[in-house]
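Chemist: when you get a sec, could you give me coordinates for this:
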Amino acid sequence: MALITLTNIVKIYGKPPNEFQALRGVNLAIDEGEFVALMGPSGSGKSTMANILGCLDTANSGRYEFGDVSVFDLSLNERALLRRYYIGFIFQGFNLLPRTTALENVELPLLYRQVPKKERQRMSLEALERVGLRQWSGHLSNELSGGQQQRVAIARAIAAKPQFLLADEPTGNLDTQRSEEIMQILCSLNRELGITILMVTHEPEMAHYASRELHFLDGQLQHDSKEMP
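Modeler: Have a look, this model is predicted:
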């Protein structure tokens, strides 16, 4: 069953005669439980696509359905609620608060959801356990290694149990060993918890962990491994 359906997505930046068409009529469906890698050179449209999927941007035309919700018909506040309750984000730069503990960083999105403190801490510790960092919950984020910081960021993204996880270059700042550790965690989240994952990456080695690869070029979907015979 499709969790995400995109129909004829067009995104244009600027105005004539200097406009730039970042996406040129993209059609795409992502099923529940898929792990998809999104690849392409700089300027291919992959970042624009990720922003639209994460409800951080909208298209000039086309249709985006998240489950049975027509995303472009939502108000700004409604899109914010969709992000808060259904989508988790992992960034290349970790985006942790430096002078707060790992546990407090993971709690942050639950705080926005007004989850009571005791339940918030339980969910956050459970997420840290999932990424192997429960014993580091009291450490400040700037006391952790890069790989540990990214694991905290993953715990923060999954603490609220999202349906969809959007990972933007999650291994871009890590060495090979730490990158492989992060990918193993993402695979386990997909396999064991059934979270649908879309990962933007420029690294073919990391893309191979996904069950499906999408390649963008010049604002269009050029290759979809799902359509290979």
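Chemist: find the residue closest to Thr171 in space, skipping its chain neighbours.
Modeler: Closest residue to Thr171 apart from its sequence neighbours, by CB to CB, 6 or more residues apart in numbering: Ser179 at 3.7 Å. Every C-beta, even on glycine, is put in place using the N, C-alpha and C of the backbone.
Chemist: list the contacts for that neighbour?
Modeler: Listed by CB atoms under 8 Å, 6 or more residues apart in numbering, the contact set of Ser179 reads Thr171, Glu203, Glu205, Met206.
Chemist: please redo it, this time with the cut-off set to 10 Å
Modeler: Gly147, Gln150, Pro170, Thr171, Gly172, Asn173, Thr201, Glu203, Glu205, Met206, Tyr209 (CB atoms under 10 Å, 6 or more residues apart in numbering).
Chemist: and for Glu203?
Modeler: Ala37, Met39, Glu169, Thr171, Gly172, Thr176, Ser179, Met183.
Chemist: surely the fifth one meets Gln92?
Modeler: Yes - with contact defined as CB atoms under 10 Å, Gly172 reaches Gln92; the gap is 4.0 Å.
Chemist: now for these two: what residues contact both?
Modeler: Gln150, Val200, Thr201.
Chemist: now the buried members of those residues.
Modeler: Gln150, Val200, Thr201 (16 or more other CB atoms under 10 Å).
Chemist: and which of the shared contacts of Gly172 and Gln92 is nearest to Ala80?
Modeler: Val200 (21.5 Å; CB to CB).
Chemist: what's the spacing between the closest one and Glu34?
Modeler: 15 Å (CB to CB, to the nearest Å).
Chemist: and for Gln21?
Modeler: 27 Å.
Chemist: what pLDDT is listed against the closest residue in space to Met1 that isn't next to it in sequence?
Modeler: For Met1, ignoring the flanking residues on the chain, the nearest one in space by CB to CB, 6+ apart is Glu32 at 5.4 Å. For Glu32, the pLDDT comes out at 97.
Chemist: would you turn the shared contacts of Gly172 and Gln92 into CSV with secondary structure?
Modeler: Formatted as CSV, the shared contacts of Gly172 and Gln92 follow (DSSP: H, G, I helix; E, B strand; the rest coil):
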residue, secondary structure
Gln150, helix
Val200, strand
Thr201, coil
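Chemist: so where does the residue nearest to Thr171 fall, helix or strand?
Modeler: Here Ser179, judged by DSSP states H and E, is contained in helix 176-193.
Chemist: ok now that helix, how far from the chain's centre?
Modeler: 14 Å (CA atoms, centre = their mean, to the nearest Å).
Chemist: can I get that helix in CSV, CA atoms only?
Modeler: Once non-C-alpha atoms are left out, helix 176-193 reads as follows in CSV (Å, rounded to 0.1, in the frame of the first residue of the first chain):
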residue,chain,number,x,y,z
THR,A,176,33.4,4.5,6.9
GLN,A,177,33.0,2.4,10.1
ARG,A,178,30.6,4.9,11.7
SER,A,179,28.7,5.2,8.4
GLU,A,180,28.2,1.4,8.3
GLU,A,181,27.0,1.5,12.0
ILE,A,182,24.4,4.2,11.1
MET,A,183,23.2,2.2,8.1
GLN,A,184,22.8,-0.9,10.1
ILE,A,185,20.6,1.0,12.6
LEU,A,186,18.5,2.4,9.8
CYS,A,187,18.1,-1.0,8.3
SER,A,188,17.0,-2.4,11.6
LEU,A,189,14.4,0.4,12.1
ASN,A,190,13.0,-0.4,8.7
ARG,A,191,13.1,-4.1,9.1
GLU,A,192,12.0,-4.5,12.7
LEU,A,193,9.7,-1.4,13.2
